[in-house]
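J.: okay, predicted coordinates and the sequence, questions at the end:
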Amino acid sequence: MGHKCSVEKWREQEHRAERVLHVGGSFVVPGLNDTKFPDEYQEGAAVGEKVAVARNKLTKRIDVVYKLPKSMSPSVDGQQISETLRHLQSIEHPNICRLIEAFDDPAFVYLIYTKVDGELLVKYVKNEGLSERKVADIGFQVLRALSVASKLQPPVVHGALAPKNILMTSQGAVILTDLGLIDVLKPDPIQKLQKDSFAYLPPEIVKIWLKKQEAFDPKGGKFVKFEASDLGKKVLANDVWSLGVILYQLISGHLPFKGTTILEIARDIKAGHCDYKDDRFRNVSSNAREFVKTILNKEVQQRPSPDKLLSHKWLSENVRQLLSDKPFDKEVAANLFSAHAETNFKKMMMRMISEKVPPAKIKSLEQTFNKMDGNHDGVITLEELKDFAVKHPDMAGAQDLDQMWKELDGDSSGSISIHEFVAATLDTQGVLVHDVLWKTFSALDTNHNGRLTKNEIRGAIKEMGSRLGGEHVARMTQLIESEVQGELTFQEFCALMHEEGAREKRAGWACTKLTMGCCSKVNA
């Protein structure tokens, strides 16, 4: 008996040691940033699960860090992870949150993304409401992101598309997060068995799990052990289905497939019977109903590609502009999402300077960029620029376009991104933004000592009280003081303003030369 116990104990220790070596945080991901994350970034407040604000120590730029434990990584192939992350770093598209760099250490992989000035789709709907036009705009932008990712070599799919992976800026721009991480650094949502993600899974995936689960325990008292390898490779059609579920939910206020348990939801997804007789579906256009029905096709091979869906009449620019902008019944938003507090220091400051920084300065440039981007791949080619010039002859003479292109295409890549476009067309905006921030800071700094005290900030809150749309001053004070620690220098004031994206990057793009340098010329 003693010998048997010692052998079993030895085997248990060997298994535990093997898991620590391969899964528990000791595998190496080669080719990532050579320095350590703490050497380049200062981690700040958490903004979500495994996500925190991070300030670059050299540039002072504010990004976000995704801190993923290796012990939870589905893959232990360091080379595969490295190649995937390098591939994801090459994606630069206005509807995809940009991966800037990645760090490796024994226990974690740190992913640095651009900080988006936006909020989760759930919160956006609560604050802004929905209309058919807004829903169509959201669907259009998500499809643009899926389309460009699918054309990469190798193609990139999301694999876990759900409302929690969609950010919305105040201008209504969609930013997709977590692209390409499933089965690499994040587990497949079907393994987590959470209602908030399971309901968006497509039938071709759910039925594989359901067959195994019903053979194991058809009542769902215990869940079967399920490996991602049982599912096979993710495909683009999986993401298309998930988008269909999201659009159905945005229109109707509830999910198309229901159940009080995971097992009931899975059976309803497999059956695939959607109800389009809801009053809310009768109040949207026939194009909207037909579009959602087309996406929620049980047969994966018959599900249209993003490119084909982008050409659908409901998403054409002319038709979208004619769609009803009348807000949906408030009950839709109430059913969809719960309320969240949103007032903070930056919001108050932006209200103070909103009259001094014309919002159209950036918005109009982004709109122009999107009009030039004829195939919606997130970059502009010289051909697209010339085509745009033909349609808008007042923009520039044809003889000037080649020279203009050389100035725009700063890295000679043959295409220009939104980052290059904004940087090249806003030479003076950096000075304007800098001046506005400095004047705002100086106005608040009543004793002119170069620092903002809490009393000075409280005074600003009281002054703004009548212009805050009824927001409670005491509550605002409490929220802001929880964010501001001690006195603020002008540099720290700028950092807070850019932490969630100042007005010039309101649509959520990465920090450009413009924002990175706006406070660097000021002496404290």
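T.: Thanks, I have the structure now.
J.: what about Val53, neighbour count?
T.: 18 (other CB atoms under 10 Å). For every residue, glycine as well, the C-beta is placed using N, CA and C.
J.: so who does it touch?
T.: Glu43, Gly44, Ala45, Val47, Ile62, Asp63, Val64, Val65, Lys115, Glu499 (CB atoms under 8 Å, 6 or more residues apart in numbering).
J.: can you list the strands that the helix or strand where the first one lies pairs with?
T.: It refers to Glu43. Secondary structure from DSSP states H and E places Glu43 in strand 41-48. With DSSP bridges as the test, strand 41-48 is paired with strand 51-56 (antiparallel).
J.: can you give the domain ranges for this structure?
T.: The record's domain split for the chain, according to automatic domain parsing, is 37-115, 119-336, 343-524.
J.: list the contacts for Glu101?
T.: Contacts of Glu101 (CB under 8 Å, 6+ apart): Leu32, Asn33, Gln89, Ile112.
J.: any idea which element it lies in?
T.: With DSSP H and E as criterion, Glu101 is part of strand 99-104.
J.: and that strand with strand 41-48, angle?
T.: 110 degrees (axes from the mean of the first three to the mean of the last three CA atoms, to 10 degrees).
J.: flag the shaky bits of the stretch 351-500 of the chain, pLDDT-wise.
T.: 351-366, 377, 392-401, 403-404, 406-413, 417-437, 461-485, 494-500 (pLDDT under 70).
J.: go again with 80.
T.: 351-380, 382, 385-386, 388-441, 443, 454, 457-500 (pLDDT under 80).
J.: where's Thr446 relative to Ala460, distance?
T.: Using CB to CB, to the nearest Å, Thr446 is found at 9 Å from Ala460.
J.: who has more neighbours out of these two?
T.: Ala460 (19 against 13).
J.: for the stretch 251-400 of the chain, which segments are assigned as strands?
T.: 379-381 (DSSP state E, counting those that start in this stretch).
J.: where in the protein is the helix or strand with the lowest mean pLDDT?
T.: When the helices and strands of the chain are scored by mean pLDDT, DSSP states H and E, helix 513-516 comes last with a mean of 27.
J.: next, give phi and psi for the nearest residue to Thr381 once chain neighbours are set aside.
T.: Nearest residue to Thr381, sequence neighbours excluded (CB to CB, 6 or more residues apart in numbering): Ser415, at 5.2 Å. With angles defined as degrees, to the nearest 10, Ser415 sits at phi -150, psi 160.
J.: correct me, but Ser415 touches Gly378?
T.: No: between Ser415 and Gly378 there is no contact under CB atoms under 8 Å: 9.1 Å.
J.: still on that earlier bit, closest to Ser150 among the contacts of Val53?
T.: Val64 (25.2 Å; CB to CB).
J.: neighbouring contacts of the strand or helix carrying that closest one?
T.: Assessed by DSSP H and E, Val64 sits inside strand 62-69. Here strand 62-69 makes contact (CB under 8 Å, 6+ apart) with 25, 37, 41, 43, 47, 50-56, 100, 107-115, 185-186, 495, 498-499, 511.
J.: so what strands line up beside that strand?
T.: strand 51-56 (antiparallel), strand 108-114 (antiparallel).
J.: buried ones in the last one?
T.: So the one you mean is strand 108-114. Across strand 108-114, burial judged by 16 or more other CB atoms under 10 Å covers Phe108, Val109, Tyr110, Leu111, Ile112, Tyr113, Thr114.
J.: and those residues as a markdown table, adding distance to Leu231?
T.: Formatted as a markdown table, the buried residues of strand 108-114 follow (distance: CB to CB, whole Å):
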| residue | distance to Leu231 |
| --- | --- |
| Phe108 | 26 |
| Val109 | 23 |
| Tyr110 | 28 |
| Leu111 | 24 |
| Ile112 | 30 |
| Tyr113 | 27 |
| Thr114 | 31 |
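J.: tell me which of the strands paired with strand 62-69 lies nearest to Asp402.
T.: Judging the strands paired with strand 62-69 by CB to CB, what sits closest to Asp402 is strand 108-114, at 31.2 Å.
J.: where among the strands paired with strand 62-69 is average confidence lowest?
T.: Among these, strand 51-56 carries the lowest mean pLDDT, at a mean of 90.
J.: may I see the buried residues of it?
T.: Val51, Val53, Ala54, Arg55, Asn56.
J.: ditto for stretch 269-289
T.: For stretch 269-289, a neighbour-count test (16+ other CB under 10 Å) marks Ile269, Lys270, Gly272, Cys274, Tyr276, Phe281, Val284, Ser285, Asn287, Ala288 as buried.
J.: got those as TSV, with pLDDT and distance to Arg144 columns?
T.: Output for the buried residues of stretch 269-289, formatted as TSV (pLDDT from 0 to 100; distance: CB to CB, whole Å):
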residue	pLDDT	distance to Arg144
Ile269	94	26
Lys270	93	30
Gly272	85	27
Cys274	85	25
Tyr276	84	26
Phe281	83	25
Val284	90	21
Ser285	92	21
Asn287	94	18
Ala288	94	18
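J.: where does Thr446 land in three-state SS?
T.: coil (DSSP: H, G, I helix; E, B strand; the rest coil).
J.: what do you get for Ile175?
T.: The three-state label given to Ile175 by three-state DSSP is strand.
J.: enumerate every residue touching it.
T.: By CB under 8 Å, 6+ apart, the contact set of Ile175 is Asn95, Ile96, Cys97, Val116, Gly118, Ile166, Leu167, Met168, Thr169, Gly508.
J.: list just the nearest of those residues to Lys70.
T.: Distances from Lys70 to these, taken by CB to CB, are shortest for Cys97, at 22.0 Å.
J.: local confidence estimate at the spatially closest residue to the closest one that is not a sequence neighbour?
T.: Leaving aside its sequence neighbours, Cys97 sits nearest to Thr177 (CB to CB, 6+ apart; 4.7 Å). The model reports Thr177 with a pLDDT of 94.
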